[in-house]
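>>> Sequence plus predicted model, see below.
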Amino acid sequence: MRPIRFCICLLMASTLLSGCSHFNDGPQIRKTFAEANDLFHQESYAAALDKYSEIVEKYPATADRALFEMGIVYAHSKNARKDYQKSLDCFQRLIRDYPASEYRQNSEMMVFNIQNVIYKDRTIAAQHTHIEALQREVRGRDSEIAAQQKKIEALGKDIEALGKEFEALEKKYNDATQQKRPIDRVLIEKSARRLMLISQGEVLKSYKIALGGNPIGPKERQGDGKTPEGTYFIDARNRDSQYHLSLHISYPNEKDRKRARELGVSPGGDIMIHGIKNGFSWIGDAHSKIDWTKGCIAVTDEEIVEIAGLVPDGTVVEIRP
């Protein structure tokens, strides 16, 4: 908002335009001033400026008053072509070229006020620019939030679909157990950390697993911390295991032995599907967050009880990368 004092000053200047006169001016100058003043009051600002400019050019002795009035016209609020810089030029020229002018003091006041208005206008413009930048930033964040919201909605749908899939598997499992359908294959997918019980080609139940601490690639030698890859079968149960129940897998098979012979190493053995180490059953499902075995496949204690009850000896165990 422009200073109130500046508006008062312009109002006073408008009064000066209609009331001031140089009594020593000749008739032609008074006539030209009168024409210029009339044009100003008719709001014909461009024409008024032309008349005042004519006085400045032809009658330099009285140019101080014309310059003052031109400064007023250039700064007037109703002037559609208002130009503060040109207004300042007029007042500053008056102060410089007519130091004894009766308009000098008012011109100095006008210079102060106009410079203050220019500073405030620039400050307001800068604030508007800053506000627009902030609004653009907010709009950008709104878009980002909307995109994140869509991702959350998509994840929600995925979770819902997984829940339905889990319910379907649970139903199949319950149906199978009720019908006593035999488990004819155990499929282990190392990369997915998943063990599946399969009956007649249909997955009945799935479990999260932990593997050996060096899980990438097939087991090659004793102590390498890898879980085998290939086709085996359940060939025994270890009743004295350090872990909660153990189903022994028929590793190594002939392919594993051949690879070990070529490498000149022992292929190792004692690969089991087992529960959690005795005394640590409280870890529960959290055990599957890391690969902690020496090459075996681990599930929770409750799960190995369930698996051991469903999977008879001789069941095929396929371990995929």
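It's in. Numbers count the residues shown, from 1 in each chain.
>>> now this structure, which segments are flagged as low pLDDT?
The chain contains residues with pLDDT under 70 at 1-25, 172-173, 175-180.
>>> quick one: the strands in the stretch 101-250 of the chain?
185-189, 194-199, 202-208, 230-237, 246-249 (DSSP state E, counting those that start in this stretch).
>>> Can you dump the C-alpha atoms of the helix or strand just after the last one in PDB for me?
Translated: strand 246-249. Once the chain leaves strand 246-249, the next helix or strand it forms, by DSSP states H and E, is helix 254-263. Provided in PDB are the C-alpha atoms of helix 254-263 (Å, rounded to 0.1, in the frame of the first residue of the first chain):
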ATOM      1  CA  GLU A 254      25.400 -88.500  -8.100                       C
ATOM      2  CA  LYS A 255      25.700 -85.100  -9.800                       C
ATOM      3  CA  ASP A 256      26.900 -83.500  -6.600                       C
ATOM      4  CA  ARG A 257      29.500 -86.200  -6.000                       C
ATOM      5  CA  LYS A 258      30.800 -85.900  -9.500                       C
ATOM      6  CA  ARG A 259      31.200 -82.200  -9.200                       C
ATOM      7  CA  ALA A 260      33.000 -82.600  -5.800                       C
ATOM      8  CA  ARG A 261      35.300 -85.200  -7.300                       C
ATOM      9  CA  GLU A 262      36.300 -82.900 -10.100                       C
ATOM     10  CA  LEU A 263      37.000 -80.200  -7.600                       C
END
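>>> what angle separates helix 254-263 from strand 230-237?
Taking axes from the mean of the first three to the mean of the last three C-alpha atoms, to 10 degrees, one finds that helix 254-263 is oriented at 110 degrees with respect to strand 230-237.
>>> Which positions in helix 254-263 come out as buried?
Buried residues in helix 254-263, counted by 16 or more other C-beta atoms under 10 Å: 256, 259-260. In this view, the C-beta of every residue, glycine as well, is placed from N, C-alpha and C.
>>> next one: stretch 218-233
Applying a neighbour-count criterion of 16+ other C-beta under 10 Å, one finds 218-220, 224, 226-230, 232-233 buried in stretch 218-233.
>>> Repeat that for stretch 65-74.
So for stretch 65-74, counting by 16+ other C-beta under 10 Å, buried means 65-74.
>>> mind listing the helices in the stretch 201-321 of the chain by residue range?
Using DSSP state H, counting those that start in this stretch, the helices of the stretch 201-321 of the chain run over residues 254-263, 301-310.
>>> Show me the one of those that comes nearest P182.
With C-beta to C-beta as the measure, helix 301-310 is the member of those nearest P182 (8.3 Å).
>>> Now for V311, how many residues are close by?
Using other C-beta atoms under 10 Å, V311 has 19 other residues around it.
>>> Let me see the contact set for the closest residue to it other than its chain neighbours.
In space, V311 comes closest to I183 once its chain neighbours are excluded; the distance is 5.1 Å by C-beta to C-beta, 6 or more residues apart in numbering. Taking C-beta atoms under 8 Å, 6 or more residues apart in numbering as the criterion, I183 is in contact with 197-199, 204, 310-312, 315.
>>> ok, I183 to C296 distance?
Separation of I183 from C296 (C-beta to C-beta, to the nearest Å): 19 Å.
>>> T231 now?
T231 is 17 Å from C296, by C-beta to C-beta.
>>> H287 and T300 touch, don't they?
Yes. If you go by C-beta atoms under 8 Å, H287 and T300 touch, sitting 6.8 Å apart.
>>> so what sits against both of these two?
Counting by C-beta under 8 Å, 6+ apart, the residues touching both H287 and T300 are I276.
>>> circling back to that earlier point, please convert the buried residues of helix 254-263 to JSON lines, extending it with distance to M109.
Listed next are these as JSON lines, based on distance: C-beta to C-beta, whole Å:
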{"residue": "D256", "distance to M109": "102"}
{"residue": "R259", "distance to M109": "101"}
{"residue": "A260", "distance to M109": "103"}
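>>> What is the nearest of those to Q115?
R259 (90.3 Å).
>>> Not counting its neighbours along the chain, what's nearest the closest one?
E220 (6.2 Å).
>>> And G217, by the same measure?
K226 (6.0 Å).
>>> For the one you found, give its distance to I290.
Note on K226: its distance to I290, by C-beta to C-beta, is 15 Å.
>>> now A48
88 Å.
>>> neighbour-wise, which of those two wins?
Between A48 and I290, A48 has the larger neighbour count (other C-beta under 10 Å), namely 25 against 10.
>>> wait, doesn't the more buried one sit right on L39?
Yes. If you go by C-beta under 8 Å, A48 and L39 touch, sitting 3.9 Å apart.
>>> Sounds good, over and out.
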